[in-house]
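Peer 1: with the input below, show me the fold.
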Amino acid sequence: MPVPLLRLRQLNQTPVNSDGDYVLYWMTAFRRTRYNFALERAVEWARELDKPLVILEALRSDYRWASDRLHHFVIQGMADNQTRLAGKPVTYYPYLEPEHGAGKGMLRVLAEQAAAVVGDDFPSFFLPRMVEAAAKQIPVSFEVVDSNGILPLRAADKVFARAHDFRRFLHKNLAPHLDEFPTGDPLARLKLKALERLPPAITKRWPAADVQALAEDAGRMSEFPIDHEVGVTETEGGERAAVSTLRRFLEHRLSRYAEDRNQPEEDVTSGLSPYLHFGHIAAHQVFEE
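Peer 2: Coordinates of the predicted model:
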């Protein structure tokens with residue numbers, strides 16, 4: 001089943017470049033390889049155009065509240081993605097800014113070699129401004145995909161001021177979208193052309209990060225121009241940790257959740273908030289399981 005049209009948003013009027021070397025998926029909010037409509041859409045384009053697929057997952061250094069804690073959590077997710085994508089017919093390109101602004105121009109240069117660019121459609125933080133600015137620089141077709149929740153962002157035609165009103169809307173309108181879930185594993189049995197390598201002009205100026213080493217050594221967060229006073233916690237980031245947390249909730253806490261969720265001394269919450277926030281797990285997967 002193709003990605004629902006309601007979840008697609010075209011950000012420019014530039015056509016697909018059939019002479020491009022690859023399809024580029026710019027992963028910014030849905031930092032996972034499963035239950036991801038945006039990744040699924042990028043795969044659709046790569047198949048249709050018979051092109052290799054490049055996945056760019058970057059992390060800037062100047063986002064609000066950038067700290068050892070948040071940086072390391074996201075980097076652990078990047079390491080998970082790299083491990084997961086190893087051996088798949090895609091090129092995974094993790095990039096971490098070593099200093100403020102170091103990544104400027106990278107997306108534009110990558111896009112110049114692409115047939116089409118697919119991004120994440122996330123409604124908050126600095127990401128909407130970032131993708132709108134990127135749309136002015138990308139010289140090929142650029143669309144973003146909503147993989148936020150079970151109800152598509154554009155399924156409602158107004159902003160709800162009260163949770164009660166939104167719940168009533170949801171009760172009446174959610175059912176059709178329960179048949180439109182993303183593929184659990186869009187990379188399963190995937191056959192695509194392989195990209196021999198990215199242009200050296202790109203990889204030399206913006207070298208791929210050693211996310212495996214950085215994920216294993218939290219002390220290396222000192223290498224980045226971020227807040228070092230907010231330290232790393234024991235909570236591990238990434239898709240694997242997210243799935244483990246979900247399993248623990250389903251097996252040991254869910255049965256007590258209805259009664260004890262408002263009792264602080266009872267450990268029954270899901271623990272999924274940071275993983276949902278950073279896109280390491282999808283609401284669709286949580287709901288389905």
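Peer 1: just the strands in the stretch 1-150 of the chain please.
Peer 2: 8-10, 22-27, 53-59, 91-96, 114-120, 141-145 (DSSP state E, counting those that start in this stretch).
Peer 1: for the first one, packing partners?
Peer 2: Other helices and strands packing on strand 8-10, by 3 or more Cβ pairs under 8 Å, 6 or more residues apart in numbering; DSSP states H and E, are strand 141-145. The way it works is simple: take the backbone N, C-alpha and C, and place the C-beta from them, glycine included.
Peer 1: switch to 10 Å and redo it
Peer 2: Under the contact definition 3 or more Cβ pairs under 10 Å, 6 or more residues apart in numbering; DSSP states H and E, strand 8-10 sits against helix 37-49, strand 141-145.
Peer 1: ok, back up a step: what would the strands of the stretch 1-150 of the chain look like in CSV with distance to residue 43?
Peer 2: Below are those laid out as CSV (distance: least, Cβ to Cβ, whole Å):
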stretch, distance to residue 43
strand 8-10, 14
strand 22-27, 8
strand 53-59, 7
strand 91-96, 13
strand 114-120, 9
strand 141-145, 11
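Peer 1: test my guess that residue 96 contacts residue 225.
Peer 2: No - Residue 96 is beyond contact range of residue 225, at 11.1 Å (criterion: Cβ atoms under 10 Å).
Peer 1: what residues are shared contacts of those two?
Peer 2: With contacts defined as Cβ atoms under 10 Å, 6 or more residues apart in numbering, the residues shared by residue 96 and residue 225 are 61, 102.
Peer 1: could you confirm residue 203 falls within a strand?
Peer 2: No - under DSSP: H, G, I helix; E, B strand; the rest coil, residue 203 sits outside any strand and is assigned helix.
Peer 1: so what's it up against?
Peer 2: Residue 203 neighbours (Cβ under 10 Å, 6+ apart): 93, 95, 197.
Peer 1: any idea which of those is least confident?
Peer 2: Across these, no position has a lower pLDDT than residue 197, which has 92.
Peer 1: does that one touch residue 91 like I think?
Peer 2: Yes - Residue 197 lies in contact with residue 91 (Cβ under 10 Å); the separation is 8.2 Å.
Peer 1: these two: which is more packed in?
Peer 2: With neighbours defined as other Cβ atoms under 10 Å, residue 197 and residue 91 compare such that residue 91 has more, 18 against 9.
Peer 1: now the residue nearest to residue 235 when sequence neighbours are not counted, what's its secondary structure?
Peer 2: Counting by Cβ to Cβ, 6 or more residues apart in numbering, residue 235 lies nearest to residue 274, which is 6.5 Å off, once chain neighbours are set aside. Put simply, residue 274 is helix when judged by three-state DSSP.
Peer 1: and the helices in the protein, which stretches?
Peer 2: 37-49, 68-85, 106-112, 127-135, 163-173, 200-205, 211-216, 239-248, 254-260, 273-277, 283-288 (DSSP state H).
Peer 1: quick one: distance of stretch 241-259 to the chain centre.
Peer 2: 23 Å (Cα atoms, centre = their mean, to the nearest Å).
Peer 1: wait, stretch 83-99
Peer 2: For stretch 83-99, the distance to the chain centre is 13 Å (Cα atoms, centre = their mean).
Peer 1: CA-only coordinates of it in CSV, if you can.
Peer 2: What follows is stretch 83-99 as a C-alpha-only set of coordinates in CSV (Å, rounded to 0.1, in the frame of the first residue of the first chain):
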residue,chain,number,x,y,z
THR,A,83,23.9,-1.1,12.6
ARG,A,84,20.4,-1.8,11.3
LEU,A,85,21.2,-0.5,7.9
ALA,A,86,24.5,-2.3,7.5
GLY,A,87,24.1,-4.9,4.8
LYS,A,88,21.0,-3.2,3.4
PRO,A,89,21.0,-1.7,-0.2
VAL,A,90,21.1,1.8,1.1
THR,A,91,23.9,4.3,2.0
TYR,A,92,23.6,5.7,5.5
TYR,A,93,25.4,8.9,6.1
PRO,A,94,25.5,10.1,9.8
TYR,A,95,26.9,13.6,10.3
LEU,A,96,27.5,15.6,13.5
GLU,A,97,28.5,19.2,13.5
PRO,A,98,31.9,19.6,15.2
GLU,A,99,31.2,23.3,15.6
